[in-house]
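>>> Got a predicted structure plus its sequence, pasted below:
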Amino acid sequence: MSGAMASTGASTRAAEGLERSGPFAHFGRDFTASIVVFLVAMPLCMGIAIASGVPPEKGLVTGIIGGIVVGLLAGSPLQVSGPAAGLAVIVFEFVRENGLEALGPVLLLAGLFQVIAGALKLGGLFRAISPAVVHGMLAGIGALIVIGQFHILFDEKPLSSGLDNMAMIPARILGLDFGNIAATEFALALGVLTIAVMLGWEKLRPKSMALVPGALLGVVAATVAAWGTGLDVARIQVPESIGAAFALPTSLEWFAPLASPSLIVAALAIAFIASAETLLSAAAVDRMHDGVRTKYDKELGAQGVGNLLCGLFGALPMTGVIVRSSANVQAGARTRLSTILHGVWILGFVALLPWLLREVPMAALGGVLVVTGWRLVSLKHVRHLFKAHGHLPAIIWAVTFVLVLTADLLTGVLVGLALSVVELLPHFRHLRLKVREHQEDEETRVELDGAATFVGLTRLNAVLEKQPDHRPVHLDLNRVKAMDHTTAETLSEWIARRRQSGRRDRVTGSETILRALPAID
């Protein structure tokens with residue numbers, strides 16, 4: 001991996017050529033990577049379904065469609081799509097308020113919105129969303145997952161809101177009676193065992209087994225313990241045949257929920273959040289390898305097709321997911337074949353071994369989701385925002401986080417986006433950012449003129465990403481009057497990626513502007 005990252009533009013062109021040479025050009029690497037991704041994805045697909053308040057097979061269907069269908073169409077060949085923890089909270093609330101039967105048509109509409117957005121080439125707009133809003137949203141979602149799945153550890157169902165779940169935690173703990181151990185105490189022990197194995201494996205695993213996922217080992221340990229001792233705890237329920245989970249609509253009444261304006265708004269919210277999470281994940285995946293770059297509009301359209309199909313089959317919504325995608329890259333995947341095969345393995349496992357899945361304790365999947373949710377509550381992001389960009393981005397993060405936790409996801413995101421506009425007010429006269437390219441003797445000079453804010457970020461990204469690998473770039477920021485944190489983070493990532501790949505670029509500008517770029521030494 002380090003050799004690839006140290007290579008120059010030639011390695012990227014070579015990787016692009018390998019992608020064009022056919023889906024089986026790196027069959028060995030893709031095959032082994034697909035097994036790793038499959039092992040990571042199985043417990044997450046089921047756990048996220050349970051966290052969303054739907055049967056576990058709904059998450060498996062989403063994983064299958066995300067692997068096979070979206071894998072074929074994706075604009076990000078190494079990104080893995082499937083059910084995402086980031087949407088678990090919004091789906092849980094939706095199903096509680098409207099019923100599971102309304103999720104399918106709403107998700108179909110959300111997928112259609114994504115297909116239209118991809119066709120209209122709106123993928124770049126989602127990349128202009130404030131990082132403070134995105135990370136605040138993910139942290140709030142993570143906290144909600146932790147306090148919701150805490151109750152699953154006790155073989156109990158989560159309550160209707162985050163505040164209710166928090167209020168009930170002391171009663172769950174005080175209700176334990178280890179002098180009279182019953183199902184509740186056994187379930188908690190299995191959940192704690194799962195968490196301990198996951199965390200312990202990540203601390204102690206040998207380098208030769210670095211790709212073996214801790215979540216899988218935790219679930220296996222809890223399942224073996226429950227099966228070997230015959231514990232009477234709740235286990236997951238899956239149908240005898242996976243075909244039952246792929247049932248299509250049988251009448252026009254299935255579309256009736258779409259007559260409600262509130263459900264159309266819910267479809268827009270799902271499409272917006274799923275698209276933002278997908279494209280931000282794709283950008284992160286691009287930073288992990290030196291191969292083919294993401295085509296954002298194509299990826300958005302592929303996600304729309306996937307969600308449309310998930311809606312028809314009544315499954316969970318999907319996004320591009322960073323945990324499975326990073327496992328894919330780290331396992332050595334080279335083409336989209338790895339993603340496709342991981343979907344095939346999920347389908348084969350569920351079709352041939354459903355009896356094995358029915359032995360998995362619910363508390364084990366709750367343990368997996370507690371760890372997953374906790375990792376979303378990453379304070380390093382808000383510390384970075386405060387250190388690099390000052391108080392306002394940190395305040396945006398905190399407000400988004402608190403509102404997602406105490407009100408709802410959409411309120412938190414919308415208020416966070418509104419607060420992002422505050423950064424624009426001092427520079428309202430100079431909001432138009434001019435981006436000029438000058439072809440000079442030995443380098444391309446990209447000159448920015450005006451206030452570099454998220455308003456002009458789509459145009460700026462388009463110019464930066466078309467720069468050739470073999471020619472140095474001079475990023476001229478001398479005429480930049482101000483820069484918001486969204487643009488600063490984007491430029492820093494672009495600079496860091498090119499420097500990591502050995503490109504001889506340089507950046508000039510005022511001391512104030514350069515200080516806003518964390519990637520500048």
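In hand now; what should we look at? Given the structure is predicted, the values throughout are model-derived calculations rather than measurements.
>>> Show the contacting residues for the residue lying closest to Ala276 once chain neighbours are set aside.
Nearest non-adjacent residue to Ala276, counting by CB to CB, 6 or more residues apart in numbering: Phe126, 4.9 Å away. For every residue, glycine as well, the C-beta is placed using N, CA and C. Neighbouring residues of Phe126 by CB atoms under 8 Å, 6 or more residues apart in numbering: Ser275, Ala276, Leu279, Leu280, Tyr296, Leu300.
>>> which ones among the residues you listed are found in helices?
Applying DSSP state H to the contacts of Phe126, the entries found in helices are Ser275, Ala276, Leu279, Leu280, Tyr296, Leu300.
>>> tell me the least confident of these?
Of all the ones in helices among the contacts of Phe126, Leu280 has the smallest pLDDT value, namely 81.
>>> my read: that one touches Gly123, true?
No - counting by CB atoms under 8 Å, Leu280 sits too far from Gly123 to count as a contact (11.4 Å).
>>> ok, these two, which is more surrounded?
Gly123 (26 against 21; other CB atoms under 10 Å).
>>> how close does the more buried one sit to Leu460?
Per CB to CB, to the nearest Å, Gly123 is found 15 Å from Leu460.
>>> What is the neighbour count of Pro170?
So Pro170, with other CB under 10 Å, has 9 neighbours.
>>> Would you mind pulling the contact partners of the host helix or strand of it?
Following DSSP states H and E, one finds Pro170 within helix 162-174. Applying CB under 8 Å, 6+ apart, the external contacts of helix 162-174 come out as Ala143, Leu144, Ile147, Gly148, Phe150, His151, Phe154, Glu156, Pro158, Leu159, Leu405, Thr406.
>>> Next, the buried residues of it.
By neighbour count on 16 or more other CB atoms under 10 Å, the buried set for helix 162-174 is Gly162, Asn165, Met166, Met168, Arg172.
>>> cool, stretch 61-72 as well?
Across stretch 61-72, burial judged by 16+ other CB under 10 Å covers Val61, Thr62, Gly63, Ile64, Ile65, Gly66, Gly67, Ile68, Val69, Val70, Gly71.
>>> give the contact list for the second one.
Put plainly, it is Thr62. Neighbour list for Thr62: Cys45, Ala49, Gly82, Pro83, Cys310, Ala315, Leu316, Pro317, Met318 [criterion: CB under 8 Å, 6+ apart].
>>> hang on, the third one packs against Gly67?
By that I understand Gly82. Yes - at 7.2 Å, Gly82 counts as touching Gly67 under the criterion of CB under 8 Å.
>>> centre of the chain versus the helix or strand where Ser325 lies, how much separation?
Under the criterion DSSP H and E, the helix or strand holding Ser325 is helix 322-330. Put simply, helix 322-330 sits 11 Å off its chain's centre (CA atoms, centre = their mean, to the nearest Å).
>>> Skip ahead from that helix and say which helix or strand is next.
Moving toward the C-terminus from helix 322-330, the next helix or strand (DSSP H and E) is helix 337-352.
>>> Please save the CA atoms from that following helix in PDB.
Extracted in PDB, the C-alpha atoms of helix 337-352 (Å, rounded to 0.1, in the frame of the first residue of the first chain):
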ATOM      1  CA  LEU A 337     -15.800  -7.000  -8.500                       C
ATOM      2  CA  SER A 338     -15.100  -7.100  -4.700                       C
ATOM      3  CA  THR A 339     -18.200  -5.100  -3.900                       C
ATOM      4  CA  ILE A 340     -20.400  -7.200  -6.200                       C
ATOM      5  CA  LEU A 341     -19.100 -10.500  -4.800                       C
ATOM      6  CA  HIS A 342     -19.700  -9.500  -1.200                       C
ATOM      7  CA  GLY A 343     -23.400  -9.000  -2.100                       C
ATOM      8  CA  VAL A 344     -23.400 -12.500  -3.700                       C
ATOM      9  CA  TRP A 345     -21.900 -14.000  -0.500                       C
ATOM     10  CA  ILE A 346     -24.600 -12.400   1.700                       C
ATOM     11  CA  LEU A 347     -27.300 -13.800  -0.700                       C
ATOM     12  CA  GLY A 348     -25.800 -17.200  -0.600                       C
ATOM     13  CA  PHE A 349     -25.300 -17.300   3.100                       C
ATOM     14  CA  VAL A 350     -28.900 -16.200   3.900                       C
ATOM     15  CA  ALA A 351     -30.300 -18.600   1.300                       C
ATOM     16  CA  LEU A 352     -28.400 -21.600   2.400                       C
END
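>>> so it versus helix 322-330, what angle?
120 degrees (axes from the mean of the first three to the mean of the last three CA atoms, to 10 degrees).
>>> Which strands or helices does helix 337-352 pack on?
For helix 337-352, the elements it packs on are helix 27-51, helix 56-73, strand 80-83, helix 322-330, judged by 3 or more CB pairs under 8 Å, 6 or more residues apart in numbering; DSSP states H and E.
>>> List the contacts of Leu347.
Leu347 neighbours (CB under 8 Å, 6+ apart): Ile64, Ile68, Ile242.
>>> could I have the longest strand along the chain exported to CSV, CA atoms only?
Using DSSP state E, we find that the single longest strand of the chain is strand 473-483. What follows is strand 473-483, C-alpha atoms only, in CSV (Å, rounded to 0.1, in the frame of the first residue of the first chain):
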residue,chain,number,x,y,z
VAL,A,473,-0.2,22.8,-9.7
HIS,A,474,0.3,26.2,-8.2
LEU,A,475,-2.7,27.0,-6.0
ASP,A,476,-2.6,30.8,-5.9
LEU,A,477,-4.7,32.1,-3.0
ASN,A,478,-3.2,35.6,-2.9
ARG,A,479,-6.4,37.2,-4.1
VAL,A,480,-8.6,35.3,-1.7
LYS,A,481,-10.3,37.7,0.7
ALA,A,482,-11.7,35.2,3.1
MET,A,483,-12.2,31.4,3.5
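>>> ok, residues contacting the helix or strand following it?
Toward the C-terminus, strand 473-483 is succeeded by helix 485-500 as the next helix or strand (DSSP H and E). Contact with helix 485-500 is made by 5, 127-132, 283, 286-287, 385, 388-389, 392-393, 420, 423, 452-454, 456-457, 460-461, 464-465, 473, 475, 483, 505, 507, 516-520, as judged by CB under 8 Å, 6+ apart.
>>> Quick check: buried residues in helix 485-500?
485-495, 497-498.
>>> Minimum pLDDT in the residues you listed, which residue is that?
Scoring those by pLDDT puts Arg497 last, at 80.
>>> any idea how far it lies from Leu369?
In terms of CB to CB, Arg497 sits 32 Å off from Leu369.
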